[in-house]
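Student: missing the sequence, but the structure's below:
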């Protein structure tokens with residue numbers, strides 16, 4: 001598999017994916033697995049034609065095209081995607097650990113975990129990475145030899161530092177990472193001399209955490225004799241990076257059946273409350289990280305009794 005990303009100076013980019021499957025090697029690996037499961041040579045020979053037919057069908061459904069590479073029949077899946085400004089992390093890294101800016105690429109590449117998730121999604125095997133590796137090894141299949149992944153990242157400027165990558169000798173703006181199926185390591189490259197792998201990890205952590213807000217005021221307001229309901233005034237301490245705040249309140253400490261309000265300001269009035277009743281109130285800060293995922297803080301809780 002080949003994955004490449006070209007990062008433009010304005011924060012946009014282009015990603016390219018090329019997956020090549022050697023039909024003969026794929027079928028051979030599956031037949032070895034069947035043998036390791038106790039099937040006889042006759043039974044294995046009987047399923048081989050079906051395997052070829054099913055593989056061809058499945059790959060075509062995935063959009064793969066047949067190709068001959070070094071005299072071998074292969075299936076190729078190619079995809080090119082234009083990435084809008086500001087969407088590099090969201091479209092390339094997704095839910096994995098990491099981020100991309102115009103000067104830095106950081107990604108925690110746990111290939112075994114990715115393979116485990118893919119196998120369980122497609123085949124519901126329930127196998128862990130260790131189980132999968134052991135099963136393959138017992139069948140005489142070396143995962144690291146069978147699966148090879150290359151990740152290429154090209155920046156607008158020359159790469160000054162990389163971890164687990166190699167700068168392309170013919171293009172100093174490009175770095176190449178060669179991965180094995182059992183790899184679990186950080187991929188890092190930057191064009192900024194002030195950025196390190198440690199600082200990239202710290203930036204990712206900061207992007208995915210947010211400080212919980214303080215409740216500066218939670219005051220039960222006076223209630224007129226004619227009023228049927230009570231109110232409570234709430235003031236929240238501003239949190240850096242927060243785009244909004246969630247407020248929940250309930251008459252139960254468990255917050256079962258709580259009402260939830262999302263606000264952008266740090267002040268809010270809770271209305272239509274029962275008079276002379278204890279309310280439990282909690283608030284948390286909310287932001288969106290570089291992948292477009294919502295990040296929330298821990299709750300801050302307090303209680304107040306409304307006026308009669």
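Tutor: Perfect, I can see it now. Just so you know, these numbers come straight off a predicted model, no measurement behind them. Numbering: from 1, shown residues only.
Student: could you grab the helix/strand/coil label for the residue lying farthest from the centre of the chain?
Tutor: In the chain, counting by Cα atoms, centre = their mean, residue 225 sits farthest out from the average C-alpha position, at 54.9 Å. Three-state call for residue 225 (DSSP: H, G, I helix; E, B strand; the rest coil): coil.
Student: phi, psi of it?
Tutor: The phi/psi pair for residue 225 (degrees, to the nearest 10) reads phi -60, psi -30.
Student: from residue 304, how far out is residue 271?
Tutor: Here the criterion is Cβ to Cβ, to the nearest Å. By it, residue 271 lies 14 Å from residue 304. Glycine gets a C-beta too; all of them are placed from N, C-alpha and C.
Student: settle it for me: which of those two has more neighbours?
Tutor: residue 304 (21 against 10; other Cβ atoms under 10 Å).
Student: tell me the contacts of the nearest residue to residue 264 once chain neighbours are set aside?
Tutor: Closest residue in space to residue 264, ignoring its immediate chain neighbours: residue 244 at 5.1 Å, by Cβ to Cβ, 6 or more residues apart in numbering. Contacts for residue 244 (Cβ atoms under 8 Å, 6 or more residues apart in numbering) come out as 262, 263, 264, 286.
Student: rewinding a little: confidence score at the residue farthest from the centre of the chain?
Tutor: Note for residue 225: predicted pLDDT of 85.
Student: give the helix, strand or coil label for residue 195.
Tutor: Following three-state DSSP, residue 195 is assigned to coil.
Student: give the contact list for the nearest residue to it once chain neighbours are set aside.
Tutor: Nearest non-adjacent residue to residue 195, counting by Cβ to Cβ, 6+ apart: residue 104, 5.3 Å away. Listed by Cβ under 8 Å, 6+ apart, the contact set of residue 104 reads 188, 189, 190, 191, 192, 195, 200.
Student: tell me which of these fall in helices.
Tutor: Of the contacts of residue 104, the ones assigned to helices by DSSP state H are residue 200.
Student: just put the contacts of residue 104 in CSV and tack on pLDDT and distance to residue 282.
Tutor: Compiled in CSV, these are given as follows (pLDDT from 0 to 100; distance: Cβ to Cβ, whole Å):
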residue, pLDDT, distance to residue 282
188, 98, 38
189, 98, 42
190, 98, 40
191, 98, 44
192, 98, 40
195, 98, 37
200, 97, 34
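Student: if we can go back for a sec, what about the residue nearest to residue 195, distance to residue 254?
Tutor: Distance, residue 104 to residue 254, using Cβ to Cβ: 44 Å.
Student: related to what we said a few turns ago, let me know the closest of the contacts of residue 244 to residue 11.
Tutor: Among the contacts of residue 244, residue 286 lies closest to residue 11 (Cβ to Cβ), at 23.9 Å.
Student: please name the bridge partners of the closest one.
Tutor: residue 244, residue 296 (DSSP bridges).
Student: report the central residue of the protein.
Tutor: residue 95 (0.8 Å).
Student: that one and residue 34, how far apart?
Tutor: For residue 95, the distance to residue 34 (Cβ to Cβ) stands at 34 Å.
Student: same check, this time on residue 222
Tutor: 79 Å.
Student: neighbour count: these two, which is higher?
Tutor: residue 34 (16 against 9).
Student: secondary structure class for the closest residue to that one other than its chain neighbours?
Tutor: Closest residue in space to residue 34, ignoring its immediate chain neighbours: residue 44 at 5.2 Å, by Cβ to Cβ, 6+ apart. Secondary structure, three-state DSSP: residue 44 is helix.
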